[in-house]
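K.L.:
Here is the input, now give the coordinates:
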Amino acid sequence: MPRLSALSNPTGLIDIEKSRITIILDESAKRLAFSLARLDLSGIEVHPAVSVVVIVKRGNSEERVYLGEVSDWNKGFVVLSEIADEGTWLFRVLLVQAADSLLVAAAENIRPDGQGDTTSFIALEPAELGQRPWEIQILESDGRAILRFNKDIYHSSVEAEADKFFTGLILPEVVRRLAEWLARDPAKLSESTWEDFKAWLLLHGITDEPSEDNEEEQADWSTRVTAAFCNRFKIATQLLEARKKEEKDEDS
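P.N.:
Reported below is the predicted structural model:
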């Protein structure tokens with residue numbers, strides 16, 4: 001396919017509003033990656049076979065990424081290999097007619113929504129819990145969950161987060177319970193207080209919402225949300241590495 005910079009702007013080029021697009025970054029695990037998590041073309045007439053192309057710019061670097069046809073573009077994370085480590089992120093989203101490389105629609109100067117980190121909707125705090133090591137509270141008005149841990153075990157959130165066994169075993173359960181709670185009332189996801197959680201879902205490739213009246217589908221959605229969280233942060237691998245390190249320290 002010819003370089004996109006050589007494409008001309010045809011008459012009738014569609015200008016896609018920035019509000020229709022969500023791009024999320026992932027800078028974890030020493031990699032740079034992005035996901036075109038949302039491309040809302042409702043009310044815009046484009047052929048389902050046109051190609052989605054994203055041009056990523058940062059500093060003086062640039063990289064072109066082809067995401068497939070608009071009817072089923074790749075919503076997963078794409079690792080960037082030609083992008084600089086510093087500079088301002090800017091994205092262009094182009095819809096290109098594959099047969100003749102005709103530019104059909106474009107969105108310019110899009111900034112990413114961020115990483116949708118779990119810290120935006122899961123908080124840790126110490127509490128008097130007696131013999132209970134932890135508990136989970138969901139604050140509907142704040143759009144977040146709180147993992148309250150026994151302050152006799154950990155004196156601060158920093159101390160709790162530093163324990164890979166604690167976070168690795170408990171955080172997936174926090175995510176699961178929050179997902180189950182929302183799955184029972186999917187309408188809550190349309191409320192502004194849950195925008196951070198919705199961004200997090202997009203980051204993890206969850207683009208659908210749970211069924212309103214099918215308990216089996218609700219359970220499946222909750223399981224997929226939990227699995228996506230564990231897969232992204234390689235929870236089992238982190239626990240295994242922490243255990244090996246502990247065993248090595250005991251032997252030394």
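
K.L.:
what number of residues lie near the closest residue to Asp26 other than its chain neighbours?
P.N.:
Spatially, and ignoring its direct neighbours in sequence, Asp26 is nearest to Ala33 (4.5 Å; CB to CB, 6 or more residues apart in numbering). Just so you know, the C-beta spots here come from the backbone N, C-alpha and C atoms, and that holds for glycine as well. By other CB atoms under 10 Å, 16 other residues sit near Ala33.

K.L.:
Ramachandran coordinates for Lys188?
P.N.:
Main-chain dihedrals, Lys188, degrees, to the nearest 10: phi -60, psi -30.

K.L.:
Leu182 reaches Thr193, doesn't it?
P.N.:
No. Leu182 is beyond contact range of Thr193, at 11.5 Å (criterion: CB atoms under 8 Å).

K.L.:
which one of those two has more residues nearby?
P.N.:
More crowded of Leu182 and Thr193, by other CB under 10 Å: Leu182, with 24 against 14.

K.L.:
tell me the helices in the stretch 101-250 of the chain, going along the chain?
P.N.:
Taking DSSP state H, counting those that start in this stretch to define them, one finds helices in the stretch 101-250 of the chain at 157-162, 164-183, 195-203, 215-233, 235-251.

K.L.:
So for Asp40, which of these sits nearest?
P.N.:
Nearest to Asp40, of all the helices of the stretch 101-250 of the chain, is helix 195-203, at 12.2 Å by CB to CB.

K.L.:
what's the closest non-adjacent residue to Val54?
P.N.:
Val65 (4.8 Å).

K.L.:
Give me the three-state assignment for that neighbour.
P.N.:
Three-state call for Val65 (DSSP: H, G, I helix; E, B strand; the rest coil): strand.

K.L.:
can you count the residues close to Val56?
P.N.:
Other residues close to Val56 by other CB under 10 Å number 21.

K.L.:
Would you list the phi and psi of the nearest residue to His47 once chain neighbours are set aside?
P.N.:
Nearest residue to His47 in three dimensions, chain neighbours excluded: Gln97, at 7.3 Å (CB to CB, 6+ apart). Per-residue torsions, Gln97: phi -80, psi 110 (degrees, to the nearest 10).

K.L.:
Would you agree Gln97 is in contact with Val52?
P.N.:
No. Gln97 is beyond contact range of Val52, at 11.8 Å (criterion: CB under 8 Å).

K.L.:
Would you mind telling me which of these two has more residues around it?
P.N.:
Taking neighbours as other CB under 10 Å, Gln97 and Val52 compare with Val52 leading, 21 against 16.

K.L.:
Doesn't the more buried one belong to a strand?
P.N.:
Yes. Under three-state DSSP, Val52 sits within a strand.

K.L.:
For it, name its beta-bridge partners.
P.N.:
Beta bridges link Val52 to Leu95, judged by DSSP bridges.

K.L.:
and if you look at the one 4 residues further on?
P.N.:
Counting by DSSP bridges, Val56 is bridged to Glu63, Phe91.

K.L.:
Tell me how many other residues crowd the residue nearest to Val54.
P.N.:
Val65 - counted by other CB under 10 Å - has 17 other residues nearby.

K.L.:
what residues are up against it?
P.N.:
53-56, 78, 80 (CB atoms under 8 Å, 6 or more residues apart in numbering).

K.L.:
10 Å - rerun?
P.N.:
34, 36, 52-56, 74, 78-80, 82, 91 (CB atoms under 10 Å, 6 or more residues apart in numbering).

K.L.:
I am finished for the moment; much appreciated.
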